[in-house]
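Engineer: sequence plus predicted model, see below.
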Amino acid sequence: MSTQAGAASGAEPLRTDALIIGAGPVGLFQVFQLGLLEIGAQVVDALREPGGQCVALYADKPLYDIPALPSCSGQELAQRLLQQIRPFKPGLHLGQVVSELQRRADGRFAVATRSGLRFDAGAVVIAAGAGAFVPRMPKIEGLAGHEGAQVRHTLDDAEALAGQHVVVVGGGEIAIDWALALSDARPAQRPASVSLVHRRDALEADPARLQALRGRIAAGAIRFVVGQPTGCGEAAGRLVRLDIAAADGATLALPLDTLLVGLGLSPRLGPIADWGLALERRQLRVDTEAYATDSPGIFAVGDINTYPGKKKLIVCGFHEATLAAWGVARHLHPERAMPLQYTTTSPRLHALLGVAPPPAAG
Ligand SMILES: Cc1cc2nc3c(=O)[nH]c(=O)nc-3n(C[C@H](O)[C@H](O)[C@H](O)COP(=O)(O)OP(=O)(O)OC[C@H]3O[C@@H](n4cnc5c(N)ncnc54)[C@H](O)[C@@H]3O)c2cc1C
């Protein structure tokens, strides 16, 4: 499986049988079902890790309703799906938001991501859940323009922020880990100040983390501020200040060189709503024969779709992906006979799965 994060733009569009938007559990299983029908796929996801909600929202929590897996964490389910689709070698393009989808004159689709990655796809399967997961931002005018520079959603190297005034916003494990890592740096590599800002006094982390944090706050290595960010100040095009409405009614101005935002992720339907597809309460309307949208060649599976009786469960998405694969096959190869084959007994499927040599010719 080739994994590309932030793949290069400008090159020729990548030609594929099917383009899958979303690497959640249903998008990943879609690769498998397409693969059994000898349809190659490229998968794009806004997140930097595959697994959709299972990994982004409940990686360590067990699921109990996946057939034949009495208990399995969100992360484990994603790993198992990735293992299952490996024989089909899908391209996995992570950290990419699909923003454009256009039908070309020849009936194929031109698909592009915000950062310029382009595809030429025979069919498109939208497995986009509730939309692209993007980091939540404090609602402050002027901050978004600094994203990727002074405003960040990851902490790769705490020591790179030596001598800076760093403000961490958030009350969960990620924000606490960042504050601890910054205050833990070697003395010469520490930030000038580390402030942790959360809207409530209560933080959401395990007792060990909270104890470590309390120790650093008591030692003066971390300043904990209860309040809401309300504004920011700039000088010469750089952020220099974050204004906080503190819980006691006071307004604080924290000096700022780098803002680490750890407020979690929220899904944005975004561009999908602009592609002219039939929507019902922000979900794509599909038939239940092939989970096709009202636009030939575009299918929708998993949490993004709606039809009478729809249930937003992974097992339902897996069924939808199975029938959508047959729909994609009929769309791409209307002339091809497609007998149903079992993975247990079909030499052809064994060959595709790499579990037996291909059948001898003739
Ligand atoms: C706390 C919690 C517990 C749950 N427990 C269960 C359970 O026990 N059993 C169960 O069956 N279900 C459970 N669910 C529901 C289950 O997680 C969803 O039904 C499932 O994740 C849907 O899978 P999906 O692949 O359709 O979408 P998602 O998992 O939402 O994945 C969609 C992916 O598409 C990406 N995407 C969207 N738009 C774009 C775009 N324009 N460009 C690029 N990428 C895009 C998103 O970033 C995302 O990664 C739970 C959900 C939650 C929140």
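Structural biologist: The structure has been received and is ready for your questions. Numbering: from 1, shown residues only.
Engineer: looking at the most centrally placed residue in the chain now. What's its pLDDT?
Structural biologist: Centroid-nearest residue in the chain, with C-alpha atoms, centre = their mean: L47, separated by 2.8 Å. For L47, the pLDDT comes out at 92.
Engineer: heads up, I number from 4, so please use that
Structural biologist: With the count now opening at 4, the last piece we talked about shows up as L50.
Engineer: just checking, it touches Q99?
Structural biologist: No: assessed by C-beta atoms under 8 Å, L50 is found out of contact with Q99, at 9.5 Å. Heads up, the C-betas are built off the backbone N, CA and C, glycines and all.
Engineer: phi, psi of P93?
Structural biologist: Main-chain torsions, P93, degrees, to the nearest 10: phi -70, psi 150.
Engineer: which residues touch it?
Structural biologist: M4, I23, V34, G38, G43, A44, Q45, V46 (C-beta atoms under 8 Å, 6 or more residues apart in numbering).
Engineer: for those, which entry has the maximal number of neighbours?
Structural biologist: I23 (34 neighbours; other C-beta atoms under 10 Å).
Engineer: tell me what that one is bridged to.
Structural biologist: Note on I23: beta-bridge partners by DSSP bridges are V46, V128.
Engineer: surely it meets A126?
Structural biologist: No: taking contacts as C-beta under 8 Å, I23 lies outside contact range of A126: 9.7 Å.
Engineer: residues of the stretch 104-253 of the chain that sit close to the ligand?
Structural biologist: A130, A131, G132, A133, G134, A135, F136 (C-beta under 6 Å from any ligand atom).
Engineer: for this structure, longest strand please?
Structural biologist: strand 226-238 (DSSP state E).
Engineer: next, the buried residues of it.
Structural biologist: Neighbour-count burial for strand 226-238 flags R226, F227, V228, V229, G230, Q231, P232, G234, C235 (criterion: 16 or more other C-beta atoms under 10 Å).
Engineer: quick check: H334 touching G300?
Structural biologist: Yes: the pair H334 / G300 is scored as a contact, 5.2 Å apart, by C-beta under 8 Å.
Engineer: backbone phi and psi for the residue in the stretch 204-353 of the chain that the ligand sits nearest to, please?
Structural biologist: Proximity of the stretch 204-353 of the chain to the ligand (C-beta to the nearest ligand atom) peaks at G305, 2.1 Å away. Torsion angles at G305 (phi, psi; degrees, to the nearest 10) stand at phi 80, psi -160.
Engineer: list the residues that contact the residue nearest to it when sequence neighbours are not counted.
Structural biologist: Nearest residue to G305 in three dimensions, chain neighbours excluded: V29, at 3.2 Å (C-beta to C-beta, 6 or more residues apart in numbering). Going by C-beta under 8 Å, 6+ apart, V29 touches G55, A130, G132, V304, G305, D306, I317, G320, F321, E323, A324.
Engineer: does V29 count as helix, strand or coil?
Structural biologist: Following DSSP: H, G, I helix; E, B strand; the rest coil, the label given to V29 is helix.
Engineer: A161 and L257, how far apart?
Structural biologist: 18 Å (C-beta to C-beta, to the nearest Å).
Engineer: where does this structure have low pLDDT?
Structural biologist: Per-residue confidence for the chain (pLDDT under 70) gives these ranges: 4-13, 360-365.
Engineer: so where do the strands sit in the stretch 54-203 of the chain?
Structural biologist: 65-66, 75-76, 94-97, 101-106, 112-116, 121-129, 135-138, 154-155, 168-172, 196-201 (DSSP state E, counting those that start in this stretch).
Engineer: could you chop this protein up by domain?
Structural biologist: 5-137+269-356, 140-266 (automatic domain parsing).
Engineer: can I get the contacts of P93 in JSON lines with distance to the ligand?
Structural biologist: Output for those, formatted as JSON lines (distance: C-beta to the nearest ligand atom, whole Å):
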{"residue": "M4", "distance to the ligand": "16"}
{"residue": "I23", "distance to the ligand": "9"}
{"residue": "V34", "distance to the ligand": "11"}
{"residue": "G38", "distance to the ligand": "17"}
{"residue": "G43", "distance to the ligand": "19"}
{"residue": "A44", "distance to the ligand": "14"}
{"residue": "Q45", "distance to the ligand": "12"}
{"residue": "V46", "distance to the ligand": "9"}
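Engineer: closest one to T296 out of these, please.
Structural biologist: I23 (14.1 Å; C-beta to C-beta).
Engineer: how near is that closest one to H334?
Structural biologist: 14 Å.
Engineer: next one: A152
Structural biologist: Taken as C-beta to C-beta, the span from A152 to H334 is 44 Å.
Engineer: which one's more surrounded, the two?
Structural biologist: Legend: neighbour count by other C-beta under 10 Å for A152 and H334, higher for H334 (19 against 10).
Engineer: list the buried residues in stretch 33-41.
Structural biologist: Result for stretch 33-41 [16+ other C-beta under 10 Å]: buried residues Q33, V34, F35, Q36, L37, G38, L39, L40.
Engineer: which one of those residues sits closest to the ligand?
Structural biologist: Of the buried residues of stretch 33-41, the one sitting nearest to the ligand (C-beta to the nearest ligand atom) turns out to be Q33, at 8.5 Å.
Engineer: where does that closest one sit: helix, strand or coil?
Structural biologist: At Q33 the chain is in helix, as set by three-state DSSP.
Engineer: residue contacts, it?
Structural biologist: I23, A44, V128, A130, V304, A324, A327, A328.
Engineer: in helices, which of the residues you listed appear?
Structural biologist: Assigned to helices by DSSP state H, the following of the contacts of Q33 qualify: A324, A327, A328.
Engineer: could I get the residues you listed as TSV with distance to R107 and neighbour count?
Structural biologist: Listed next are the ones in helices among the contacts of Q33 as TSV, based on distance: C-beta to C-beta, whole Å; neighbours: other C-beta atoms under 10 Å:
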residue	distance to R107	neighbour count
A324	25	26
A327	21	31
A328	23	28
